[in-house]
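Visitor: 3D, please:
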Amino acid sequence: MLSIILAAALQVSSPTNSAIDQFKETGTLTAPSPTSEGDFPPALQPAPEPAPQSLDWPTSEGDYTVRDFKFRSGESLAEVRLHYTTLGQPHRNKNGEIDNAIMVLHGTGGSGKQFLVPQFANLLYGPGQPLDITKYWIILPDNIGHGASSKPSDGLRMAFPRYDYDDMVELQHKLLTDGLGLKHIRLIFGTSMGCMHGFIWGETYPDFPKALMPMACMPTQIAGLNRQWRQLTMDAITSDPAWMGGDYKTQPVQGIRTASSILFLAGSRPINNQALNPTRDQAITSVRKAIEFDMARRDANDFLYQFDSSRNYNPWPELEAIKAPTMWINSADDFINPRNFPYPEWAVERNPIIEFRLIPESTETRGHGTHTWAKFWIEDLKALLARTAD
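Guide: Okay, here's the model as predicted:
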């Protein structure tokens, strides 16, 4: 099994898209010679595909309050509000236990509702699809510091407890067990920060999940360039004079603009972006629009806490503790989790319960954001569910 997994990982590292083959051969994305239309090379084009339609999924929402929660920083809150969205209904086995719950965990700055977007939901939640909501009870939490859960911008600002990933996973566990009555869960699926939470879940509560599917992360301490760009986003906010130690009267827009710009670059995807923005003017217009959209939904204190929360993450020493079959997937064009790191190979060698696949880069993949486009990994999800079925 190990040799098969590693061979697959190496195989998908080799691009197959014709545009990338050209890039590999020539070192450039321009055409070998000028076209009849002048100096512009032919544009890279994603395969023709109709825009997915948003569907009105039948959701329910709720809040669970965790009382007197003690954070690892030594701080505490009398009440932590955890908001969540669900699809489907819980099913109970002959022992009265819920046996069809699946939790999907969002990334930094996101919320559970991001998994209602068509490129994710339309391929997964419908009849006969892998996460069919007539079969499964889908739980989409907003992590502390995010969405409609407790967060600094509620009023405490920088007096809000300095939560970390371990705190976030413990709160998720309290939501599932004390709040929703679960003793086990069929699957934990997580993207980006949720991917990292998935590895923590596997080590901290090894008998709770039946399967894990972490996407777009590494199971090791965030260091090197990954730590550096994160630190730059935080420094951009705290260096803005308008920040005022977190007690700003208006949002420190220059700090947020710089932080959003860094985040845009870290989460971007060169080949796909070149295809979508083949001219200078298109590139400028699209990036400015993207940054303005992102800035409008940011609060500086929330932003700062969200990025700071990764400071203690490091599941690497206890990787062998994971018992649940794990399908871990990254993308070859992910700047945040580079494809040439050796961690996947080392992780699989240490714990064979973990399988790894690298999605090859193409004009269709979305870099770090490939995790939300189900078409790239839906077969892996089906295989994991089949592999861990009763």
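Visitor: Low-confidence ranges, the protein, go.
Guide: 1-51 (pLDDT under 70).
Visitor: could you point out the longest helix in it?
Guide: Taking DSSP state H as the criterion, the chain has its longest helix at helix 280-296.
Visitor: Any idea what Val104 is bridged to?
Guide: Beta-bridge pairing for Val104 (DSSP bridges): Phe189.
Visitor: who's in contact with it?
Guide: Gly112, Phe115, Ile138, Ile139, Leu140, Phe189, Gly190, Gly194 (Cβ atoms under 8 Å, 6 or more residues apart in numbering). C-betas here are computed from N, CA, C, even on glycine.
Visitor: Show the buried residues in those residues.
Guide: The neighbour count (16 or more other Cβ atoms under 10 Å) marks Gly112, Phe115, Ile138, Ile139, Leu140, Phe189, Gly190, Gly194 as buried among the contacts of Val104.
Visitor: So which of those sit within helices?
Guide: Gly194.
Visitor: Can you show me the helices along the stretch 1-150 of the chain?
Guide: Taking DSSP state H, counting those that start in this stretch as the criterion, the stretch 1-150 of the chain contains helices spanning 2-12, 18-26, 118-121.
Visitor: what's the spacing between Met327 and Gln119?
Guide: Taking Cβ to Cβ, to the nearest Å as the measure, Met327 and Gln119 are separated by 19 Å.
Visitor: circling back to that earlier point, please identify which of the buried ones among the contacts of Val104 is nearest to Leu182.
Guide: Distance to Leu182, by Cβ to Cβ, is smallest for Ile139 among the buried ones among the contacts of Val104, at 8.7 Å.
Visitor: Looking at the record's assignment, how would you partition the chain?
Guide: In the assignment given by automatic domain parsing, the structural domains of the chain cover 59-222+312-387, 225-307.
Visitor: which one of the ones you listed lies closest to Gln53?
Guide: domain 59-222+312-387 (6.0 Å).
Visitor: distance between the ends of that closest one?
Guide: Chord length of domain 59-222+312-387, first to last residue, is 28 Å (Cα to Cα, to the nearest Å).
Visitor: All the strands of the stretch 51-200 of the chain, in order from the start?
Guide: 59-70, 76-87, 101-105, 137-141, 187-191 (DSSP state E, counting those that start in this stretch).
Visitor: just so I know, which of those lies nearest Asn312?
Guide: strand 59-70 (15.5 Å).
Visitor: rewinding a little: could you identify which of the domains of the chain is most buried?
Guide: domain 59-222+312-387 (a mean of 19; mean count of other Cβ atoms under 10 Å).
Visitor: Contacts only, for Glu355.
Guide: Neighbour list for Glu355: Ile5, Pro325, Thr326, Met327, Trp328, Val348 [criterion: Cβ under 8 Å, 6+ apart].
Visitor: what about the domains of the chain, which gets the closest to Pro52?
Guide: Per Cβ to Cβ, nearest to Pro52 of those: domain 59-222+312-387, 3.5 Å.
Visitor: Ile200 against Glu170, yeah?
Guide: No. Between Ile200 and Glu170 no contact is recorded; they are 9.3 Å apart, counting by Cβ atoms under 8 Å.
Visitor: hmm, back to that, and the strands of the stretch 51-200 of the chain: which comes nearest Glu361?
Guide: strand 187-191 (18.1 Å).
Visitor: relative to strand 137-141, how tilted is that closest one?
Guide: Angle between the axes of strand 187-191 and strand 137-141 is 40 degrees (criterion: axes from the mean of the first three to the mean of the last three Cα atoms, to 10 degrees).
Visitor: any residues touching strand 187-191, and which ones?
Guide: Here strand 187-191 has contacts from 102-107, 196-198, 201, 209-216, 371-372, 381, 384-385, 388, using Cβ under 8 Å, 6+ apart.
Visitor: Send over that strand as PDB, restricted to the C-alpha atoms.
Guide: Extracted in PDB, the C-alpha atoms of strand 187-191 (Å, rounded to 0.1, in the frame of the first residue of the first chain):
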ATOM      1  CA  LEU A 187     -16.300  11.700   9.000                       C
ATOM      2  CA  ILE A 188     -14.400  14.900   9.700                       C
ATOM      3  CA  PHE A 189     -13.600  16.800   6.500                       C
ATOM      4  CA  GLY A 190     -11.500  20.000   6.800                       C
ATOM      5  CA  THR A 191     -10.000  22.500   4.500                       C
END
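Visitor: Go ahead and measure how far it is from the middle of the chain.
Guide: In terms of Cα atoms, centre = their mean, to the nearest Å, the centre of strand 187-191 is set 9 Å apart from its chain centre.
Visitor: same question, stretch 203-220
Guide: On Cα atoms, centre = their mean, the centre of stretch 203-220 falls 13 Å from the chain's centre.
Visitor: Ok, stretch 324-338 next?
Guide: In terms of Cα atoms, centre = their mean, the centre of stretch 324-338 is found 10 Å from the chain centre.
Visitor: Kindly check the end-to-end length of it for me.
Guide: Separation of the first and last residues of stretch 324-338 by Cα to Cα is 25 Å.
Visitor: Which residue is the nearest non-sequential neighbour of Pro206?
Guide: Lys323 (4.3 Å; Cβ to Cβ, 6 or more residues apart in numbering).
Visitor: and the one you found, which of the three is it?
Guide: When classified by DSSP: H, G, I helix; E, B strand; the rest coil, Lys323 comes out as coil.
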